[in-house]
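Undergrad: No sequence on hand, only this structure:
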């Protein structure tokens, strides 16, 4: 039997740094033929565009497939499996497949999909990588107290203290073979220790944690774990096991805002920070058209922390535009948010 093609699932909450991790993985892949399946929560194909704009010869656009029809863990049969089969049936199939889930996806249903007959004989889940924003977790932004909550539930199974952010966080960590504690440059030793403690409480098994900043982990560390995760589902508990893995994302919503040319990205960033504080937004990301600049300007924000940079030249066949995706808990004040960002 031919060797199975390994696949790595990269999961993690909104803004944890999954795309940065994948870009660095590409830079250190040393010629390995990779293919990417990108799934996003939002109306703009941000993550695919950021990876495609990396400018590396080992990052061809036809090796990057975006699934934009909903959460990847909810559209396995309709979108994900046909995409994997198409990659496998290419004349030059990839040597490794990298799957980036949306920040709201649960990884276990995706791992389960690799037991489908169409792919089981040809692909194996080499590992599940969970990327964690150390600063956010240390501050309790994306999780409450998993240990205390687990104790409450164990003491009284009838209690229902479900927090959607916490459930997503715990499910992603519990399914991981490797946890990347990212953005450690933004926290001190005490903060790193607190983030590590919260991650360890959600792990519940022998997965490893490693620390980094800006997603700088070499491909040799991330690839080749040999986990065979599809055959290890019993050791990857999920809050949704009793529901057959079914879940929804009604607790979250996203919308896109189109802006005109942005002459002062720094001033826009200041408005974004104020808007996040006023409306408790989880994530903002997008591209800006800066007049007089040939390159596209990327905006990435999680909470009140923003990163901006120019990634590539605008192509002649595309329309220059400024557009942002806003993601938060259901009930966002869309007109109020749009007005604050526009400076109205």
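TA: That came through, no problem. For clarity, every value in this text was computed on a predicted model and none was experimentally measured. Numbers count the residues shown, from 1 in each chain.
Undergrad: residues in contact with residue 92?
TA: With contacts defined as C-beta atoms under 8 Å, 6 or more residues apart in numbering, the neighbours of residue 92 are residue 33. Just so you know, the C-beta spots here come from the backbone N, C-alpha and C atoms, and that holds for glycine as well.
Undergrad: and the gap between it and residue 34?
TA: From residue 92 across to residue 34, the span is 12 Å (C-beta to C-beta, to the nearest Å).
Undergrad: got any ranges where this protein has weak pLDDT?
TA: By pLDDT under 70, the weakly predicted segments of the chain are 1-2, 40-79, 142-164, 204-206, 242-252.
Undergrad: Where does residue 325 sit, in terms of helix or strand?
TA: Using DSSP states H and E, residue 325 sits in strand 322-329.
Undergrad: Please disregard the earlier target; I meant residue 132.
TA: Here residue 132 is assigned to strand 123-133, by DSSP H and E.
Undergrad: how about the helices in this protein?
TA: 18-27, 46-52, 81-88, 107-113, 117-120, 134-138, 146-155, 164-174, 189-203, 219-222, 265-279, 334-342 (DSSP state H).
Undergrad: Go through the ones you listed and name the closest to residue 232.
TA: Comparison of those against residue 232 by C-beta to C-beta identifies helix 107-113 as nearest, at 8.5 Å.
Undergrad: Now do the same contact list for residue 276.
TA: Counting by C-beta under 8 Å, 6+ apart, residue 276 touches 284, 301, 303-304.
Undergrad: Going by neighbour count, which of those comes out on top?
TA: Sorting those by how many neighbours each has (other C-beta atoms under 10 Å) puts residue 284 first, at 27 neighbours.
Undergrad: I'd like to know how far it sits from residue 312.
TA: Counting by C-beta to C-beta - residue 284 and residue 312 are separated by 20 Å.
Undergrad: Same question for residue 93.
TA: 27 Å.
Undergrad: go on, residue 231?
TA: Here the criterion is C-beta to C-beta. By it, residue 231 lies 40 Å from residue 312.
Undergrad: cool, residue 82 as well?
TA: 29 Å.
Undergrad: So between these two, which is more surrounded?
TA: residue 312 (15 against 12).
Undergrad: Would you confirm that residue 105 contacts residue 39?
TA: Yes - under the criterion of C-beta atoms under 8 Å, residue 105 makes contact with residue 39 at 6.6 Å.
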